[in-house]
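In: Output the structure for:
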Amino acid sequence: MEWKLGKTLSREIQIRYPAGRGQMVLRTELDWNQDIAAERTEEDGNLTVFRIESDRPFIYLKPCLRTPDGQTFWANGANILALMTDPGRRVAHPNFFSDGPGSFSDLIEIPSAHLNRTVKVRAYLPAGYHENHLARYRLCVMQDGQNLFMPEEAFMGSPWDVDDTLAELDTMNAIDNFVVVGVHSADRMYEYTQPGYESYGRFVVEELLPTARAGLRTRESRFETLVMGSSLGGVVSFYLAYQYPEHFAGAACLSSTFTFRDDLLDRVYSEGYKSVGFYLDSGWPGDNYEVTLAMATGLVENGWRLGQDLQHFTFPKARHNEGDWGSRLHLPAQMFARALRDVQIARHGRALK
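Out: Okay, the predicted model is just below:
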C-alpha cells in the first residue's frame, strides 16, 4: 500500500553517536541503497544532522556507520520511524556493535540509614547503553525488584519480563527506552504501608536516587523520573509520587491495596491536586478493583483529568500475579514514555509544571 500526502514535508533527523568512529550516513525506505549525506555536524562531531523530504506521512530509516577502513555497519535493532507530520526533531542514539535487547547491572547493595538495612537493587540498561555513551535515559524506579527480570529471583519463577516488554516497545518506536532500577523488597508489609513507607520514601529520595544518578546515565529532571509497583508496591509508589512531586513525574500503581494500611485517599481529599500523573489499574474480580476505582474517582474529584494526567483501566479476569502485571506494563510505559513537560496537561488552562 502506498501512503501519499498532497504536499512534500521536510523533517530534521538528529543522530547522536560518539565522534571518531567513522562517518554517519542515513538510509531510508525511499531507497535502501542510497546514502543520504549529513546536512551538518555539531557538538564536536557527536551530533550529525540530516534532512529528509517526502510526500509520505511516515518514513522508516536507518543510520549507517562508515568506518575508516571502508566497512559499512547498519544500526542494530529495528528501523527508526520518522513521522513526517511531526514538526519536532527526531533524535536517535544508535548502536552498531551491541547484541541483544539490553543488559543488567550486577546486584548492587546500598547501605540505608533510613531503613537500617542493606538494600539490594538491580538495573536494566537498554540496548547500546555501554556503546553509545551520549545517550541519557528516563529513570523508572520499581518496587519488588526481585520479581522484575530473572526467573531465578522471581516469586514462583515468574518475572514481569520488564526488559522484554520495554525492548519491544522501543523496537516499535512506541517509546524511548527507560533505565529501570528494581529495588528488592524485604519487609514489604511494613515498608510499603503507613507508617513504614515514610522511612522507605526517605531511602528512595535521599539514598537511592543520588546513587542511581551518580552511577547511571539518567536524566535528572523529575519530569523524566517515574516510580512503579503492584499490590502493596503500588501503594508505596503512589505515596512516593504524592509525597515527593518535586522528584517524580508520576506513579504507575497496578492492583494496589489502597486504604488497607494507608491514608492516601484521605490525603487526596484533604490536600488536593499535586502536579504528578497517575496510572491506576486492577483486575476483576478479587484484584483490588473496588479500592482502585475509588482512588481513581477521588483523583478526578480533586483535579486530575482522566486521559491526561490520570489513566485508569480494569482488566476482566486478570489475576493478582507477576505475569498479569507484566502483561500490562506496556500501558504505563507508553503513558510516561514522553516527558510530562512535553505533554500539555489541561488543568484550568495550565500546563503541568
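In: what's around Glu2, how many residues?
Out: Summarising burial for Glu2: neighbours were counted as other CB atoms under 10 Å, giving 4. Where you see a C-beta, it was placed from the backbone N, CA and C, and this is true even at glycine.
In: Paired strands for the worst-scoring helix or strand of the chain on mean pLDDT, with orientation please.
Out: Taking mean pLDDT, DSSP states H and E as the measure, the helices and strands of the chain show their lowest mean at strand 90-92, namely a mean of 89. For strand 90-92, the paired strands and their directions (DSSP bridges) read strand 9-16 (parallel).
In: list the buried ones in the partner strand?
Out: Residues of strand 9-16 classed as buried by neighbour count (16 or more other CB atoms under 10 Å): Leu9, Arg11, Ile13, Ile15, Arg16.
In: Stretch 34-46 too?
Out: With burial defined by 16+ other CB under 10 Å, the residues of stretch 34-46 counted as buried are Ile36, Ala38, Asn46.
In: thinking again about what came up before, now, the most widely separated pair of the buried residues of strand 9-16?
Out: Maximum pairwise distance among the buried residues of strand 9-16 (CB to CB): 23.1 Å, between Leu9 and Arg16.
In: domains for the chain, by residue range?
Out: For the chain, the domain assignment from automatic domain parsing gives the residue ranges 9-92, 102-342.
In: Could I get the ones you listed in CSV, plus columns for distance to Met1?
Out: As requested, the domains of the chain are arranged in CSV below (distance: least, CB to CB, whole Å):
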stretch, distance to Met1
domain 9-92, 11
domain 102-342, 19
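In: Need the winner for burial among those domains.
Out: Using mean count of other CB atoms under 10 Å, the stretch among the domains of the chain with the largest mean neighbour count is domain 102-342, at a mean of 19.
In: can you tell me the average pLDDT over it?
Out: Per-residue pLDDT values across domain 102-342 average out to 95.
In: Could you tell me how far it lies from the centre of the chain?
Out: In terms of CA atoms, centre = their mean, to the nearest Å, the centre of domain 102-342 is set 10 Å apart from its chain centre.
In: could you dump stretch 78-97 to CSV, C-alpha only?
Out: What follows is stretch 78-97 as a C-alpha-only set of coordinates in CSV (Å, rounded to 0.1, in the frame of the first residue of the first chain):
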residue,chain,number,x,y,z
ALA,A,78,14.5,-2.1,14.2
ASN,A,79,14.3,0.7,11.7
ILE,A,80,13.6,4.1,13.1
LEU,A,81,10.1,5.6,12.4
ALA,A,82,10.1,9.2,11.4
LEU,A,83,6.7,10.8,11.2
MET,A,84,6.8,13.5,8.6
THR,A,85,3.7,15.1,10.1
ASP,A,86,5.6,15.7,13.4
PRO,A,87,7.3,19.1,13.2
GLY,A,88,9.7,18.3,16.0
ARG,A,89,13.2,16.9,15.6
ARG,A,90,13.6,13.1,15.7
VAL,A,91,16.7,12.3,17.8
ALA,A,92,18.2,8.8,17.8
HIS,A,93,21.1,7.2,19.7
PRO,A,94,22.0,4.2,17.6
ASN,A,95,24.4,1.4,18.4
PHE,A,96,26.2,-0.8,15.9
PHE,A,97,28.2,-3.4,17.9
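In: Nothing else from me, thank you.
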